[in-house]
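Peer 1: Sharing a model prediction with you, sequence too.
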Amino acid sequence: QVQLVESGGGLVQAGGSLRLSCAASGRTGSLYAMGWFRQGPGKEREFVASIRWSSGTIYYKDSQKGRFTISGDNAKNTVDLQMNSLKPEDTAVYYCAASSSSYYVYSRVDSYAFWGQGTQVTVSS
C-alpha cells in the first residue's frame, strides 16, 4: 500500500499563489506516476497535472498551462504543485494521486490507485 499526505492548501485572494505538497510513503517503489486532481463544489474530480517518473514527462490540463507548475522528486517520492494567478474558479479540494501501473492514462481518475485525503484551496474574488 501507498499512503499520500497533502499539505499547503488554504485561502488566498484572486491573483495570489499557493504551493501544494504531497509526500508518499509505504510501497513507493511500485509507483509509476504521481499527480494532482481537483474537485470543485458540485463538480466531478478533474485532472490538473502529473509526472511520469520513468521519463520525467509532465502533463497538464490545457487550462492550467502557464499558471500551474508541477514538480517532483522521484527519490523522495514527493510532488508539488505551484499555483499562480489563482482565480475563484480554481476553488476546489485538491487531491494528490499516485499510479503503480505503466499503462496509466495520465488524465483518468481510474488510472490512479492511491489518493490523498485532499486539501482545500479557496480563492476569494
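Peer 2: Happy to help now that I have it. For clarity, every value in this text was computed on a predicted model and none was experimentally measured. Numbers count the residues shown, from 1 in each chain.
Peer 1: Going by C-alpha atoms from here, please, whenever you check contacts or count neighbours.
Peer 2: Noted.
Peer 1: is it true that Met83 touches Arg19?
Peer 2: Yes: at 6.0 Å, Met83 and Arg19 qualify as touching, with contact defined as C-alpha atoms under 8 Å.
Peer 1: Could you check which of those two is surrounded by more residues?
Peer 2: For Met83 versus Arg19, neighbours defined as other C-alpha atoms under 10 Å are more numerous around Met83 (20 against 16).
Peer 1: Skip the chain neighbours and tell me the closest residue to that one.
Peer 2: Using C-alpha to C-alpha, 6 or more residues apart in numbering and skipping residues adjacent in sequence, the residue nearest Met83 is Phe68, 4.5 Å away.
Peer 1: Next, Ser21: phi, psi?
Peer 2: Main-chain torsions, Ser21, degrees, to the nearest 10: phi -130, psi 150.
Peer 1: and it, how many neighbours?
Peer 2: Residues lying near Ser21 (other C-alpha under 10 Å) number 20.
Peer 1: what does Asp62 give?
Peer 2: The number of residues packed near Asp62 is 9, by other C-alpha under 10 Å.
Peer 1: ok, now how distant is it from Val105?
Peer 2: Applying C-alpha to C-alpha, to the nearest Å, one obtains 16 Å for the distance of Asp62 from Val105.
Peer 1: Just give the nearest non-adjacent residue to Ala92, would you?
Peer 2: Leaving aside its chain neighbours, Ala92 sits nearest to Gly40 (4.0 Å; criterion: C-alpha to C-alpha, 6+ apart).
Peer 1: who's Gln57 bridged to?
Peer 2: Not quite, residue 57 is Thr, not Gln. On the basis of DSSP bridges, Thr57 is bridged to Arg52.
Peer 1: Am I right that it is in contact with Ile51?
Peer 2: Yes: when contacts are counted by C-alpha under 8 Å, Thr57 is listed as touching Ile51 (5.7 Å).
Peer 1: ok, the two, which is more surrounded?
Peer 2: When neighbours are counted by other C-alpha under 10 Å, Thr57 and Ile51 differ, and Ile51 comes out ahead with 24 against 10.
Peer 1: Enumerate every residue touching the more buried one.
Peer 2: Each residue near Ile51 by C-alpha atoms under 8 Å, 6 or more residues apart in numbering is listed here: Ala33, Met34, Gly35, Thr57, Ile58, Tyr59, Ile70, Ser71, Gly72.
Peer 1: Thanks again, I'm all set now.
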